[in-house]
Structures are given as structure tokens and as C-alpha cells.
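Peer 1: heads up, no residue letters with this:
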């Protein structure tokens, strides 16, 4: 009985470690991609490189990065809208300031 419990605990521990390491790898990949893209955007902003000087792979990865960043912004806006909707107490309940702004 005790041996089975130890096996189960070790399996659970191993699975959680694998999950944590995969999460760390994904985070490092994302950080690396963001650094690479910031270099590309810096070169474009300061006219150090024209669009025609980037390779197709670089442009493709830049487009993918921008699409992902846009999706993340949309996701965050939707989350904020959900939180604001929940704190207002339901549909159709606007604060007086917002009524003026929306007109």
C-alpha cells in the first residue's frame, strides 16, 4: 500500500515537473521571439533596413508575431470587457460618464 502511494506521488511529481519545464521552455521561446522581433522593428523604425532587405522568412515571422500580438490585445480587451460587465451588474447598465462618451 505504501509503495503504491509512493509510486503515485512520484508520478504526480514527475508530471508536474514536466509541465513546469515545458512552460518554462515556452516562456523562453516567446522571450527570444520578442527580442528578435524588437530588433526587426527597430531596424524598420529607424530606416536601418527596408522591407526589401529582409528575407521572406524574417518577414513571415514578423507578420506572425504581429498577428499573435494583435490576438493577445483582443483577448485582453475581451477579458476587461467581461470584468467590467460583471462589475456593472448586468447588461445595459452604463455608468453616466460612459453614456456621454459613447454619444
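Peer 2: Good, I have the coordinates. Computed from a predicted structure; not experimentally measured. Numbering: from 1, shown residues only.
Peer 1: rest of the way, CA atoms for contacts and neighbours
Peer 2: Noted.
Peer 1: could you say which helix or strand contains residue 20?
Peer 2: Assessed by DSSP states H and E, residue 20 sits inside helix 2-45.
Peer 1: Can you point out the buried residues in the following helix or strand past that helix?
Peer 2: Moving toward the C-terminus from helix 2-45, the next helix or strand (DSSP H and E) is helix 56-88. Of the residues in helix 56-88, those with enough neighbours to count as buried (16 or more other Cα atoms under 10 Å) are 59, 62, 65.
Peer 1: was I right about residue 62 contacting residue 39?
Peer 2: No - distance between residue 62 and residue 39: 10.4 Å, which falls outside the contact criterion (Cα atoms under 8 Å).
Peer 1: ok, now how distant is residue 51 from residue 45?
Peer 2: For residue 51, the distance to residue 45 equals 11 Å [Cα to Cα, to the nearest Å].
Peer 1: neighbours of residue 37, just the number please.
Peer 2: By other Cα atoms under 10 Å, the residues close to residue 37 number 19.
Peer 1: Setting the sequence-adjacent residues aside, check what's closest to it.
Peer 2: With Cα to Cα, 6 or more residues apart in numbering as the measure, residue 62 is the residue that lies nearest to residue 37, at 6.2 Å, once sequence neighbours are left out.
Peer 1: re the thing from before, closest to residue 17 among the buried residues of helix 56-88?
Peer 2: Proximity to residue 17 was ranked across those by Cα to Cα; first place goes to residue 65, at 28.6 Å.
Peer 1: residues contacting that closest one?
Peer 2: The neighbours of residue 65, taking Cα atoms under 8 Å, 6 or more residues apart in numbering as the test, are 33, 34, 37.
Peer 1: If we use 10 Å, what do you get?
Peer 2: 30, 33, 34, 37, 59, 71 (Cα atoms under 10 Å, 6 or more residues apart in numbering).
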